[in-house]
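[1] what follows is a protein structure lacking sequence information:
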């Protein structure tokens, strides 16, 4: 039963991300140190989510 709950949570979160992507299709200006770039929010949101997942994965791991 626990696996089914996780699946439902993942589907729900994926749906929220999809809604956010559909509603934010405009351009965003992104600055990092000396670089400035303008890119679509449809690209920026998943990249930021992926970076967050990677940081969360490594932060949540137990040291050996």
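    On my side now, so go ahead. From a predicted model like this one, the values you see are computed outputs, not experimental measurements.
[2] where does the chain dip in pLDDT?
    Counting by pLDDT under 70, the chain shows low-confidence ranges at 1.
[3] tell me where it has helices.
    2-23, 41-60 (DSSP state H).
[4] out of those, nearest to residue 32?
    helix 41-60 (11.8 Å; Cβ to Cβ). Glycine gets a C-beta too; all of them are placed from N, C-alpha and C.
[5] and the closest one with helix 2-23, angle?
    Angular relation of helix 41-60 and helix 2-23 on a 0 to 180 degree scale: 150 degrees, by axes from the mean of the first three to the mean of the last three Cα atoms, to 10 degrees.
[6] what's in contact with helix 41-60?
    Residues from elsewhere that reach helix 41-60 (Cβ atoms under 8 Å, 6 or more residues apart in numbering): 17, 20-21, 24-28, 30.
[7] please tell me how far residue 45 sits from residue 63.
    31 Å (Cβ to Cβ, to the nearest Å).
[8] look at those two and report which has more neighbours.
    In this comparison of residue 45 against residue 63, neighbours counted by other Cβ atoms under 10 Å, the higher total goes to residue 45 at 15 against 3.
[9] which residue is nearest the middle of this structure?
    For the chain, the residue whose C-alpha lies nearest the mean C-alpha position (Cα atoms, centre = their mean) is residue 49; its distance is 1.7 Å.
[10] from residue 34, how far out is that residue?
    Following Cβ to Cβ, the distance that separates residue 49 from residue 34 is 25 Å.
[11] one more: residue 16?
    34 Å.
[12] could you do residue 48 as well?
    If you measure residue 48 against residue 34 using Cβ to Cβ, the figure is 20 Å.
[13] and for residue 21?
    For residue 21 relative to residue 34 (Cβ to Cβ), the value is 29 Å.
[14] okay, the contacts of helix 41-60 in JSON lines with distance to residue 58 next?
    Conversion of those to JSON lines gives the following (distance: Cβ to Cβ, whole Å):
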{"residue": "17", "distance to residue 58": "21"}
{"residue": "20", "distance to residue 58": "24"}
{"residue": "21", "distance to residue 58": "25"}
{"residue": "24", "distance to residue 58": "27"}
{"residue": "25", "distance to residue 58": "31"}
{"residue": "26", "distance to residue 58": "32"}
{"residue": "27", "distance to residue 58": "31"}
{"residue": "28", "distance to residue 58": "26"}
{"residue": "30", "distance to residue 58": "23"}
